[in-house]
Structures are given as structure tokens and as C-alpha cells.
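**Q** the following block contains a protein sequence and its predicted model.
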Amino acid sequence: MNDPGLDDAVADEAGALDSNPGRKETQNDQDPAEIDDRHPEAARWWLANTAYPLAAGTFGPLASAFNICSLAQTWRMQTKKGGGSLDIADPNWVIGLNALSLACAVVANVTLSLNMARRIRFEVAQPIIIIGWYASSVLLIGLLIAFRVVGDVPSRSGHVFSQAYFYGAYAAILYFIISSLLVVTAYGAYRGHYSREYKLTTSQRTLMLQTIIFCFYLLGGSAVYAKVENWRFLDALYFADYTLLTIGVGNFAPITHLGRSLLFPYAVGGIVILGLIISSIRTLTLEKGRQKIADVLTSRTRRFLVKQAYSDKNLYNRVVPRLGKEAADSEGRSTREQRKQEFIVMRQVRQLATVQHKWISLTISIILWMALWLLGAVVFWRSEAGRGWTYFRALYFAYTTLLTIGFGDLYPLSSLGKSFFVFWSLLAVPAITILISNIGDTLVRFMRDVTIFVGEITILPGDESFGTRIKGLMHTSWIDKWIRDTTGEKPTAEAVSDVEANKDNDGNTIEAEEHRKEESARRRGDTTAENVHHYNYLLFREVRKLMEYATSNAFKEFDYLEWEYYLGLISGKDRPRGDGETDEEDNREVFQNWSWIDRANPLLGQKSEVEWLLHALTEVLERELKKASRVYYSSEASERGQRGDSDGSPGNTLKSEQQER
């Protein structure tokens, strides 16, 4: 999300807010239903501009790996009566078309990589990528259908499809999906929703590289074990897959001394690579993608609550304050009180959107995991039906596999079962990662809060008494729990006491230093310099405090009095204007028209409150130091010119002074 006014200098922030289309609802009491929110659309198109190319770059190599597997073995086998099977050679046209599909896919993968590295232009690369993957998909699908019709495998006694046949089907499915995603990406670029280049960061490209390395590692290890243990290559791939995923099914295990020795480095290396991939998925998919989804939810929640706050028929008037000129006049609210009400509404928007997003994300991830479990069990049930598997047995096997328990009492033996196990388990990696992360953000935190509450009223008493905690619980609804208590709003007396406590915590050193500087300036009679210096000192002090918050990774939400204080510092309302200072340099009115209802406000931005304030205060501090530097050099040049130093030229004197410094 690109928040207008939040990433520029503070002097530009006011202009951006005033010209922001999202300000319309706060001026002239306009109907909030006409609010123009553009960044939700940008968040939706982020999927096409970033997520879809990232998925293509990640699953493209995986699809090509499955395509290689479809070439590694013949597509038919003849089972023997005493057990085992014998490969049946494929026709040359099958091998040729299969190799052609792989060649098209390799061209598409290489072109995508070069395009992301900006070696090939988007307009040239995108048609090659899409056509290449679609061609691979169509070739494989046609080949699979033709081979089934011509080969007539199911009707021949003792003839079965090998794992290679099914790997061709998995490759065709992935090729079709990722090429379709890139069609959406190309459409969005053509319509001008984003620039015609991939906006992938170094971390996102790293995920793609890690996936490619894992595919090579998996295939390379399979080739080694096929040679060492005298297995078929695809059986060795099945073994390598459940080994690196730490499932440990156990129906294939190395029996040679060399195979067991190679397992030590091979398993460790694969688990490390897999751990890096999981970390990248969590960082990129959850943290970056989550922010974009949160933007949409925040915007919709904001539109709803603001509309309720401006409506005479406010259905949520118990928790959403009334806004608008008529409400302010009828309740006798001042401008400050009106802004305070706006602050409360925006805090409610952020907290409601956060709660919605957490539980919606958890619900979606559970549905995805359940689909993998239930649908995967259907495939295992049908593939192993000849061995007497019921659907419950398949559910049991799929469940223990998804949780990487791997008892080993049940395992697939059919070609479809073993090949699908590899395909299904690799797809389960991102699904499990997302599910575990969302569980940690919702259920685990909820249980932690419940545990702390139970501890405080039993064996680990907190600051409040047992009676106070129970009374507060009985009088607090779920709305108050999730909204009212998290607005950051405090009773006036409590907030004032907090501010006074913060002043006391500044320590005697600050007071003594300020007193000394004030006394020195007072003795000189320079009141303006005294106030300016005090203003700069406050900026330094608050920047230091915010840096401590940022470096400690502590999540901090400031209450209204704190925001009022910080916005006063940013606007410089108490700072005197220096000699020769222009209106553009004087920002005392920068937040005069500030409204918390603006969509580009600090409570709803992508940055945290600490980051926003730190950026704004450092911008103001930089501006103040530049002003002080200009005043200093101007006064120095004037004094040296009057004394006739150097060649008597004030310009040369100033230049010489700057060179010395």
C-alpha cells in the first residue's frame, strides 16, 4: 500500500492530506458513503502484480521437476504373478512429445527468470512464458489422453500405469494453473493497474531460488539412491520426499552401508533447505500478503463504521461515537473533542479489522488444510482400494502424514498412490505453514490470555483484586473487549496522571540541563533562541524514545494525549518563527486541518505508529537543523565581513569557513 502523505517530508504531508480524495467525507460533512478509497483496489491488484508471478516462479520449477519424472520411466508396467513388475517400452512419439513439453516449459522458466532479472522486457517475455507453459500443458494433456486410448492399459491383463504417467498429469495441471495466473498479470499490466515489470523483492526472488535448489536436491538425491539401493528412480523419489519432509513412512529404507551413510548429510541438508523455504513462505506470504489483505478489510471496516458514525440511525451508537457537524453542535463538542471522537472511531476500525483478519485467515487456512486432508484421503482410498483400504483408513493415513507423524503402519504401494503422495505432500508444505502461523496468531494467543486470566484469579494474582477482575468480566461484553478496551482512550484523570508520570520519569538531569540553558538564554535576553533550542531538544528526546521502541520490537499504541503531543511537535505550533523564515518553512499550521477520518492517517497506514512518528519527527528535526545551519553560516559570514577577514569578501569568507569545516 502506498499511503499518500506518510512517506514524504512533514511539510508535504499536510498538502497530501488536503488534496487526498479520501478527505471528502470530513469536509462540509459530506456523506461518508461517497468515500473514495483507492488503495483496496491496489491491494487486490497486488495479487496479480506480485503474488501470481511469485507463485509461477515457485511452482514452475516444481512442475518441470514432475515433467522430468514423467520422462524418467516408462508409462506402462506389467505386473508379475509372484510380485514385482516389468517396464514396457513407450512408443517414440510419446517420448518425443513428452520431451517437447519439457523443452517448452524450460524456455518459459528461463524467460521468466530473465524477465524478473530485467534482462528481457515484460512485453517480450510475457507472451513467451504464457504460450510456453500453455503449450506444455496442452501437449501433456493430449499425450495422456492419447496414450490411454491407444495403449488401452486398463483392459490388458497385468498392464498398469507407472508413476511416470501420473507425474505427467501433475505437471500438466501445474503448467495450466501458473500460465493462467500470468494471464491475469498480463491483463492487469495492459489495463494500467501497475507498471509492466515484476515488483518482486530480493526476498521473493530468494524463495524462488530456494525452490529450484530444493527440486534439484530432491531429484539429485533420488538419482543417487536409485543407483546405490538399486531402486527405480521414482521409488527413490518417493523415499527422498518422505525423508526430507520428516514423515518417515518407512516402506522404503536404505539397506546398504553406503546408503545409510549418505543419509546423514542428505537428510540434514534437505531439512535445512526446507526450513529456509518455510521461513520464506511465512515472511513473504503471511507478513507481506497479510498486509495487503488487511488493507482491504481495514478499508471496508472504515467505510462501514464511518458511515454509521455519520448516520442518524447509528446501529452501533453504544461503541461508535457520533460524528459530523450536527452531532458536534447538538452535543456541544469543541474541535478538539471532535478530533478525539474521530480518533476513537479510527482506533476501533483498526482493532475490528485486525480481529476480522486474524479469524478470517484462520478459517481460510483451516478450510485449505481440511480440503487437502479430505480430498487427499479420497485419492488414497481409490488408489489403494485393491489392498482393502476404506475411506477411514485413508483419512487416518492422510492425517498422520499431514502432521508428519508417519507411524508407518499404512503406506501406498500403487503407482497412483506413491506419485500422488509426493505431489500432495509438497503442496501441503505451504498449507501447513500458513495454518500453524494463523493458529499462533489466534487460538494460541487466546489460550495464553485465558491462562493468564485464570492464573491472576487463582495462584498468580495480578495488580487487580479478584473481585475487581470478576466484576469487570461480568460487565464487559465481547464488543467492549475487542473495541472499547483497545482504542487507547483513557479517562481524563488517568491520562493526565500518565503524562505527569512521564514528565517525572525524564529525570533531574533533563530538568537541570533545560534550566541551565533557559537561564543562559534569559541572561542574554534571547527569548527566541531559547524557545527554538528547547523545541529542538524535545525533538531529540522524543526521537530517542521512539528509537528505543523500534529497536526493542515492542508493539506500541499511543493514546490520544500522546498523539496530540506528538502532532504538536511535528507541526511546531509552540515554536517561534525565526528571523527571515518563510511561510513554506513555517509548519505551525501543517496539521490545522488534520482529521483522523482521512484514509491516509497514521492509525490505518502500513507503518506502525512508532515508525510513522519516528519518520515524521526525524523529518522535522532535519528541517530544523538545516535552518540552524543557515542561520549560523549567515551570522558568521556577516561578522567576518564586518571584520574584513581574508580578502574582505563575505562570499569568500563563507566559502573558506565551509571548506575548513
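**A** Looks like it arrived, so ask away. Residues are numbered from 1 along each chain as shown.
**Q** residue 49 in helix, strand or coil?
**A** Assigned by DSSP: H, G, I helix; E, B strand; the rest coil, the conformation of residue 49 is helix.
**Q** neighbours around it, how many?
**A** The number of residues packed near residue 49 is 21, by other Cβ atoms under 10 Å. Backbone N, C-alpha and C define where each C-beta goes, glycine included.
**Q** leaving out the residues flanking it, which one is nearest to it?
**A** Closest residue to residue 49 apart from its sequence neighbours, by Cβ to Cβ, 6 or more residues apart in numbering: residue 194 at 4.4 Å.
**Q** pLDDT score for residue 107?
**A** Turning to residue 107, the model gives it a pLDDT of 96.
**Q** quick check, it in a helix?
**A** Yes. Assessed by three-state DSSP, residue 107 belongs to a helix.
**Q** pLDDT-wise, which helix or strand of this structure ranks last?
**A** Least confident helix or strand, the chain: helix 10-18 with a mean of 35, by mean pLDDT, DSSP states H and E.
**Q** what sits against the residue nearest to residue 412 when sequence neighbours are not counted?
**A** Nearest residue to residue 412, sequence neighbours excluded (Cβ to Cβ, 6+ apart): residue 418, at 5.2 Å. Neighbouring residues of residue 418 by Cβ atoms under 8 Å, 6 or more residues apart in numbering: 163, 234-235, 238, 412.
**Q** farthest-separated two in those residues?
**A** Pairwise distances across the contacts of residue 418 peak at 12.6 Å for 234 and 412 (criterion: Cβ to Cβ).
**Q** which one (most neighbours) among the contacts of residue 418?
**A** Neighbour tally across the contacts of residue 418 (other Cβ under 10 Å): the maximum, 28 neighbours, falls on residue 163.
**Q** does it touch residue 74 like I think?
**A** No. Residue 163 is not in contact with residue 74 according to Cβ atoms under 8 Å; the separation is 10.3 Å.
**Q** surely residue 331 is in contact with residue 325?
**A** No. Counting by Cβ under 8 Å, residue 331 sits too far from residue 325 to count as a contact (11.1 Å).
**Q** and for residue 246, the neighbour number?
**A** By other Cβ under 10 Å, 13 other residues sit near residue 246.
**Q** mind starting the numbering at 43 from now?
**A** Renumbered: residue one is now 43, and that last one reads residue 288.
**Q** got any ranges where the stretch 493-642 of the chain has weak pLDDT?
**A** Under the criterion pLDDT under 70, the flagged ranges of the stretch 493-642 of the chain are 495, 498-561, 564, 595-596, 615-636, 641-642.
**Q** can you rerun that using 80?
**A** Counting by pLDDT under 80, the low-confidence segments of the stretch 493-642 of the chain come to 493-580, 582, 594-597, 614-642.
**Q** got the phi/psi numbers for residue 203?
**A** Main-chain dihedrals, residue 203, degrees, to the nearest 10: phi -80, psi 140.
**Q** what about it, how many residues nearby?
**A** Residue 203: 22 surrounding residues under other Cβ under 10 Å.
**Q** kindly report the same for residue 150.
**A** Under the neighbour criterion other Cβ under 10 Å, residue 150 is assigned a count of 28.
**Q** once you drop chain neighbours, what's closest to it?
**A** Distance criterion Cβ to Cβ, 6+ apart; nearest residue to residue 150, sequence neighbours excluded, is residue 174 at 3.2 Å.
**Q** and for residue 156?
**A** residue 162 (4.6 Å).
**Q** cool, residue 467 as well?
**A** Closest residue in space to residue 467, ignoring its immediate chain neighbours: residue 287 at 5.7 Å, by Cβ to Cβ, 6+ apart.
**Q** thinking again about what came up before, ok but the residue nearest to residue 156 is inside a helix, no?
**A** No. According to three-state DSSP, residue 162 belongs to no helix; its state is coil.
**Q** so it versus residue 271, what's the distance?
**A** 43 Å (Cβ to Cβ, to the nearest Å).
**Q** ok, residue 126 next?
**A** For residue 126 relative to residue 271 (Cβ to Cβ), the value is 15 Å.
**Q** give me the more crowded residue out of those two.
**A** Taking neighbours as other Cβ under 10 Å, residue 126 and residue 271 compare with residue 271 leading, 19 against 9.
**Q** could you measure from the more buried one over to residue 142?
**A** From residue 271 to residue 142 the distance is 32 Å (Cβ to Cβ).
**Q** tell me which element residue 578 falls in.
**A** helix 569-593 (DSSP states H and E).
**Q** alpha carbons only: can I get the next helix or strand after that helix in CSV?
**A** Downstream of helix 569-593, the first helix or strand assigned by DSSP H and E is helix 602-613. The C-alpha trace of helix 602-613 is given here as CSV (Å, rounded to 0.1, in the frame of the first residue of the first chain):
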residue,chain,number,x,y,z
TYR,A,602,-4.9,10.4,22.3
LEU,A,603,-3.0,12.7,24.6
GLU,A,604,0.3,11.3,23.4
TRP,A,605,-0.7,11.7,19.7
GLU,A,606,-1.9,15.3,20.5
TYR,A,607,1.6,16.0,22.0
TYR,A,608,3.5,14.4,19.1
LEU,A,609,1.4,16.2,16.4
GLY,A,610,2.0,19.4,18.2
LEU,A,611,5.8,18.8,18.0
ILE,A,612,5.5,17.9,14.3
SER,A,613,3.5,21.0,13.5
